[in-house]
Structure formats: structure tokens, C-alpha cells
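**Student:** From the sequence below, what's the structure:
(chains A, B, C and D)
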Protein chains: 2
Amino acid sequence: MNQKKILVIEDEKTISDIVKFNLTKEGYIVDTAFDGEEGLQKTYSMNPDLILLDIMLPKLDGFQVCKKIRESLNTPVIMLTAKEEEVDKVLGLELGADDYITKPFGMRELIARVKANMRRIDLSNQHESTNGKILDFGILTIDLNRYEVKKHDTVIELTLREFELLKYLAEQESQVFSREQLLEEVWGYEYYGDIRTVDVTVRRLREKIEDNSSEPQYIMTKRGIGYYFRRP
Amino acid sequence: MNQKKILVIEDEKTISDIVKFNLTKEGYIVDTAFDGEEGLQKTYSMNPDLILLDIMLPKLDGFQVCKKIRESLNTPVIMLTAKEEEVDKVLGLELGADDYITKPFGMRELIARVKANMRRIDLSNQHESTNGKILDFGILTIDLNRYEVKKHDTVIELTLREFELLKYLAEQESQVFSREQLLEEVWGYEYYGDIRTVDVTVRRLREKIEDNSSEPQYIMTKRGIGYYFRRP
DNA sequence: TATTCAATTCATAATATGTTTAAAAAGAAG
DNA sequence: CTTCTTTTTAAACATATTATGAATTGAATA
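**Tutor:** Numbering: from 1, shown residues only, chains lettered A, B, ... in the order given. Below you'll find the predicted structure:
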């Protein structure tokens, strides 16, 4: 699993440290910034998956930072408000924040909120990719809702990787992709594995969906380049 | 899927802007009105699918606007209440508002409520009598009125969570849902717990409704993705 | 306030899946 | 036809995900 990155923008080092310690323990990669400017800077350089943002900050306060961020990104922002009164401001000025926690907060609560917001990202990412369609290639159909492939109306059991590879290729029929591209698109961007992994997955996919995996009808090899899907 | 239209009636431009920004980002078409009269006017001209309505408004306040709307339309209305006290009024007066959010609210919550209300319309449009239904899967039946599950005509005692999870999955047979989706849909958008909670609930559900919970017939696992219900 | 039951969290076992490796086969090029 | 390169294949190995049992928390009830 690729680790999620969190940026903590908070001037009190004591708080910052504790938060960092606890979130790191949970498996997140955590970086910290101690004023608004540094916060913005690091936001752009590290491109975090989530931002914890204090309101009272030197140089640029939390409201301004949040607003700036929102101009270009929609990374989830959780505001840390010191007083109940500030909650009103969070409402008035900074609704662009996704969530907020009032200080003092327990680590348990913080972690729960962070996780919940991370989940939400995952969710919205899912929706983009799975737009409930059925790809129909005659004998072969790929049901993106059921994560199911059928051949002659018989369900073929594919593993997730196999399914996603097939889906990716089939969605862009007869386009040839290099192994590098496939690793990037199907396996995920920061994947650093052996390139032959693709071959093996292709082979297993062929065994399952082709009549004769030595003479593929669907998943074709373009020697020296890569693989592509074609309608038989 | 055609885009849904939302009308935001709110006099504070800051709030209005941020709400619009976020809902647009979610794929809705958003228009705004800054006082009660304009709100009514736009309601009739654009015929939105949902209305977000502030209570404190110039010219006509939110209560009056809502009442007016209800005279001719039953477009879902979500009220935005600044204070807890107003909640009583929203509920007490028979305004016909469908939902309300107390300020300050996070964007996450707002979006979730909007989606939930949109979903409700979709559902009630699909099958008018969404109530009074019994899902029948042969040996297994799910009585949505009585909150009762029967197997071979014997009542199976399920807890509320278990029932709602089963209901959700069974209503959308063979559609695969991620744990994130299930937490959001079954547990609710304000849930801050662990994702593995889903697994455990599934397990207990299986123990109750399956013959052999290690070889489930109804509630199936799609490894790497989530769970789905199938007719055995 | 004690008691009960549902719900959640946590730790670990079981299992499915994915990756690597290396050898065999196939294809291209001289 | 021989050599070199690329792809296929099989099997061992490593990793990730899910299932499970037990402990803990929390809410409702008496």
C-alpha cells in the first residue's frame, strides 16, 4: 500500500511534534510547517494528501492559507481551531475547509478524522474510475459494476490486477501500451517493481480469457513495444 | 447521467461562493440567490432539483420562502440554520423542509447531505412504493417494513446495523461496494471509525444468515474491492 | 449504578494474490 | 542457420487482504 502524506501547519512545536508522532505511528508520512508561508510552500512542493491547518499562525493566518490553497487545489483541509468562537469564523470565512477540530483535541479523535477524510478521497477516486458501464465485445463482456468478466455468459474469475489490466486495455481498444505505461496506469504511479510483472499478469489473463493462450484473440503482443487489446 | 441543478439561497456572499465552488466541483450545476424574493423567482425559472436555503435573509426570510415553495413544488429543501435554537422552529413549524444543517458546517457534511437528498429523490422516482416492500430471494426474505429477515419462514434476529447492511446490499444485488462506500451509505457520512468495522459486521451477518459462514451463499467477498449480495 | 447487548477495535491466523526468478520458446536479424 | 533479443512459461517466494476470536468501549435498560 502506498503511504499517504500529511502536512501539519502549526506553530506550536509541542503540538506539532505530538501530532506528527501519532500520525507517523499510524503509517502516514508527515511533514510539518511552522508558519503560513512555509505551509503554502510545502503544500506545493510535497503535494500532500491531506492538510492539518492551525488558524493562529505567524505571517499568514490559517484562513488566508486555506483560501490560497483552495485557489488551485482541493486537497482536504482540516482546520484546528483554538476556541469555540473561531468556529464561527471557520463558517464565515473558511468554508472551503473540509472539516475542523476544536482544541484541545484528543489524538484518538484527530486520527479518526484524518482517516475519515482520507477515506473520502479514496471514495471520490473510485467514482471517477468506475462509471458503471459494461464493455461489450460480443462473446466477451466486462461488467465494471460487478467487476465481472463473462465469456459466452459464463463468469470468468479474474483477480483484481488481471481485471484492471483487462479493463484498461479494453477501454482503449487496439491502442498499444508499453510495459512502463501499464505499470504506471494499472499498477499505480509510484510503483517500483520489475517490469516483467506485466508479462506474467498478461499470461495469466490470457490463460483465463483466451481459448488458446498461445494464440491470443484479445490480448495481443506487439513485439518490442508492448501489449494491446483487440476485438477478435 | 444528467447533471443535477442546485439553487443556493444565502445572503452572505462568502458562504455562497464557497458552497457554490464545492458543489460545482462535485458535478452539480449551481446558481445562487441573495435574498428571499430572488430565491423564489429563480426557483420558478430554473426549476432546481434541490434548494439550499438560509433562514436569515433579506426581504423574505427562509421560513416564508420555504412555505411559498411548498405551495406549488416539492423540490427538496435543506435549511441552513445559524443557531441550534432555530432547529426547533425548522422542525416545529410544518414547513416541509426535508433536511437541515446547523452552522457551522463542514463541506464534507454539506455535500453528503446534498447527495443523500438527491439519492432519496432518485429512489422514490424509481419505485414509488419503496416502503412496504419485501425483498424475496427464495429461502431468504427481507421485510423492509417489519425490519425482519426470514429464512425458511424462521425469523432471524439481526441488529440494526446488520439489517441495514443486508438491506443495502440486497437492494442492489450483485453490485460490488467498497468498504468506503458502505461506511458512507450504511453507517453514515459522519462516521469516523475504522474501515475494518465493515468486515466484522459482515462476518456477524454471515454467521446469522448463511448456512456455513465460511462458504457464504449470499454475502460475497470481492477480494481487493469489497462485498456484494447475490442470489444463490 | 449495575447489567446487558450491540458495536467497534485490535491482534493474529488463514488464504488469496502478486512478484520475482530463471529457464525455455519464439521471433528478428545477419 | 546461427545468434541475439524478447516474450512466454512455470514454480518458488513474498506480500496483501480478509476472516476470526477476543477484548474493549459505549449506549440503553432496569
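**Student:** Please save the CA atoms from the helix ranked longest in chain A in PDB.
**Tutor:** Secondary structure of chain A per DSSP state H: the longest helix is helix A:107-129. The C-alpha coordinates for helix A:107-129 follow below in PDB (Å, rounded to 0.1, in the frame of the first residue of the first chain):
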ATOM      1  CA  MET A 107      -5.200  12.000  19.400                       C
ATOM      2  CA  ARG A 108      -7.900   9.500  19.000                       C
ATOM      3  CA  GLU A 109     -10.300  12.000  17.600                       C
ATOM      4  CA  LEU A 110      -7.700  13.500  15.400                       C
ATOM      5  CA  ILE A 111      -6.700  10.200  13.900                       C
ATOM      6  CA  ALA A 112     -10.300   9.200  13.400                       C
ATOM      7  CA  ARG A 113     -11.000  12.400  11.500                       C
ATOM      8  CA  VAL A 114      -7.900  12.100   9.400                       C
ATOM      9  CA  LYS A 115      -8.800   8.500   8.500                       C
ATOM     10  CA  ALA A 116     -12.300   9.500   7.600                       C
ATOM     11  CA  ASN A 117     -11.200  12.300   5.400                       C
ATOM     12  CA  MET A 118      -8.600  10.000   3.700                       C
ATOM     13  CA  ARG A 119     -11.400   7.600   3.100                       C
ATOM     14  CA  ARG A 120     -13.400  10.300   1.400                       C
ATOM     15  CA  ILE A 121     -10.600  10.800  -1.100                       C
ATOM     16  CA  ASP A 122     -10.500   7.100  -1.900                       C
ATOM     17  CA  LEU A 123     -14.200   7.200  -2.500                       C
ATOM     18  CA  SER A 124     -14.100  10.100  -4.900                       C
ATOM     19  CA  ASN A 125     -11.200   8.500  -6.700                       C
ATOM     20  CA  GLN A 126     -13.300   5.300  -7.100                       C
ATOM     21  CA  HIS A 127     -16.200   7.200  -8.600                       C
ATOM     22  CA  GLU A 128     -14.000   8.600 -11.300                       C
ATOM     23  CA  SER A 129     -12.800   5.300 -12.500                       C
END
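**Student:** Packing partners of that helix?
**Tutor:** Helix A:107-129 makes packing contacts with helix A:13-25, strand A:50-54, strand A:77-81, strand A:99-102, strand B:177-178, helix B:179-182 when contacts are defined by 3 or more CB pairs under 8 Å, 6 or more residues apart in numbering or on different chains; DSSP states H and E. All C-beta spots, glycine's among them, are computed from the backbone N, C-alpha and C.
**Student:** Mean pLDDT, distance to DNA strand D and mean neighbour count for the ones you listed - can I get that in JSON lines?
**Tutor:** Output for the helices and strands packed on helix A:107-129, formatted as JSON lines (pLDDT from 0 to 100; distance: least, CB to the nearest atom of the strand, whole Å; neighbours: other CB atoms under 10 Å in any protein chain shown):
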{"stretch": "helix A:13-25", "mean pLDDT": "90", "distance to DNA strand D": "17", "mean neighbour count": "15"}
{"stretch": "strand A:50-54", "mean pLDDT": "94", "distance to DNA strand D": "19", "mean neighbour count": "26"}
{"stretch": "strand A:77-81", "mean pLDDT": "87", "distance to DNA strand D": "20", "mean neighbour count": "24"}
{"stretch": "strand A:99-102", "mean pLDDT": "82", "distance to DNA strand D": "16", "mean neighbour count": "18"}
{"stretch": "strand B:177-178", "mean pLDDT": "96", "distance to DNA strand D": "9", "mean neighbour count": "22"}
{"stretch": "helix B:179-182", "mean pLDDT": "94", "distance to DNA strand D": "7", "mean neighbour count": "21"}
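**Student:** Save the ones you listed as JSON lines, and put in distance to residue B:170 too.
**Tutor:** Below are the helices and strands packed on helix A:107-129 laid out as JSON lines (distance: least, CB to CB, whole Å):
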{"stretch": "helix A:13-25", "distance to residue B:170": "38"}
{"stretch": "strand A:50-54", "distance to residue B:170": "34"}
{"stretch": "strand A:77-81", "distance to residue B:170": "35"}
{"stretch": "strand A:99-102", "distance to residue B:170": "32"}
{"stretch": "strand B:177-178", "distance to residue B:170": "12"}
{"stretch": "helix B:179-182", "distance to residue B:170": "13"}
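**Student:** Of those, which is nearest residue A:195?
**Tutor:** Using CB to CB as the criterion, the shortest distance between residue A:195 and the helices and strands packed on helix A:107-129 is 29.1 Å, found for strand B:177-178.
**Student:** Residue A:97 reaches residue A:79, doesn't it?
**Tutor:** Yes. With contact defined as CB atoms under 8 Å, residue A:97 counts as touching residue A:79 (4.6 Å).
**Student:** Residue B:118: which of the helices and strands packed on helix A:107-129 is closest?
**Tutor:** Nearest of these to residue B:118, taken as CB to CB: helix B:179-182 at 15.8 Å.
**Student:** Run through who's touching the following helix or strand past the closest one.
**Tutor:** Moving toward the C-terminus from helix B:179-182, the next helix or strand (DSSP states H and E) is helix B:197-209. By CB atoms under 8 Å, 6 or more residues apart in numbering or on different chains, the list of residues contacting helix B:197-209 from outside reads B:140, B:149, B:151, B:156-159, B:161-162, B:165-166, B:179, B:182-183, B:187, B:213, B:216, B:218-219, B:221, B:227.
**Student:** Do helix B:197-209 and DNA strand D come into contact?
**Tutor:** Yes. In this structure, helix B:197-209 sits against DNA strand D according to CB under 7 Å from any atom of the strand; the contacting residues are B:199-200, B:202-203, B:206.
**Student:** Which of those ranks first by neighbour count?
**Tutor:** Highest neighbour count within those: residue B:202, with 23 neighbours (other CB atoms under 10 Å in any protein chain shown).
**Student:** Report the separation between that residue and DNA strand C.
**Tutor:** With distances defined as CB to the nearest atom of the strand, to the nearest Å, the gap from residue B:202 to DNA strand C amounts to 10 Å.
**Student:** Ok, residue A:141 next?
**Tutor:** Counting by CB to the nearest atom of the strand, the gap from residue A:141 to DNA strand C is 20 Å.
**Student:** Apart from its chain neighbours, what residue comes closest to that residue?
**Tutor:** The shortest distance from residue A:141 to any residue that is not its chain neighbour, by CB to CB, 6 or more residues apart in numbering or on different chains, is 4.9 Å, and that residue is residue A:150.
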